[in-house]
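Participant: Give me coordinates for this.
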Amino acid sequence: MSMNKVDFKKIEKNLYNPPARPVIAEVPEMSFLMIDGSGDPNDEKGEYQKAVEMLYTLSYTIKMSKKGSHPIDHYFDYVVPPLEGLWWTENPHDLSDKKHFLWTAMIRQPSFVNEEAVKWAKEEASRKKPSLDFTKVYLSVYKEGRTVQMMHIGSYDTEQETFQQMEEYMVEHQLQRPLTCERKHHEIYLSDPRRTRTDRLKTIIRLPVEPMEGKA
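Facilitator: Here you go, the predicted model:
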């Protein structure tokens, strides 16, 4: 009897299908393949495009291991989750020049994916795509905890309007961005920009929050 594929987007709709208005979401601990970099994500020959290619290559290598000669313990079939990213700059008040962006590109991994599975996937992927440096990719646990999130529909260049709504919501609910973090914001890409009209792109924007000082 065949089992249904696990699709995190359907199982955890509160995390992957928020409304087009700010809401609070408690985000649990998750495992990701990650790669850190800097620079304009729109540069076709830049670091970001290579990072995305490496993440997808490794993610699908792990997913398709079921058809090869390298079984992974506790494997279950699943839908590869969407691409995600953490974004920030050294100057959080200046987001105008994308070449100054710092980022972590990431794709969520099922619970059975461990360091051994990633090591094997890197070896397999390196044979198929020797021009890519898969040593830059690492497996890491990421826990956000309490966040404010919202569905942004439209161009990435109009995200500032969504941020403004989220900031207003945070003030109303006596929340603030953690003072100790680098003011990273989290994006989850539900649409393929190569196949989706710009005005229909769906991107989840998520900000970690904590109570305002003296409001806890």
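
Participant: what residues are up against residue 85?
Facilitator: For residue 85, the contact set (Cβ atoms under 8 Å, 6 or more residues apart in numbering) comprises 41, 103-106, 186-187, 189. The way it works is simple: take the backbone N, C-alpha and C, and place the C-beta from them, glycine included.

Participant: Just confirm it is within a helix.
Facilitator: No - counting by DSSP: H, G, I helix; E, B strand; the rest coil, one finds residue 85 to be strand, located in no helix.

Participant: Specify the beta-bridge partners of it.
Facilitator: Judged by DSSP bridges, the bridge partners of residue 85 are residue 105, residue 187.

Participant: still on that earlier bit, among the contacts of residue 85, find the lowest-pLDDT one for me.
Facilitator: Within the set of the contacts of residue 85, pLDDT is lowest for residue 41 (92).

Participant: Residue 123: neighbouring residues, count only.
Facilitator: Look at residue 123: counted by other Cβ atoms under 10 Å, it has 12 neighbours.

Participant: Kindly indicate whether it is helix, strand or coil.
Facilitator: Per three-state DSSP, residue 123 ends up helix.

Participant: That one and residue 18, how far apart?
Facilitator: Using Cβ to Cβ, to the nearest Å, we find residue 123 at a distance of 38 Å from residue 18.

Participant: swap in residue 148?
Facilitator: 10 Å.

Participant: Which of the contacts of residue 85 sits closest to residue 53?
Facilitator: Nearest to residue 53 out of the contacts of residue 85 is residue 105 (Cβ to Cβ; 10.0 Å).
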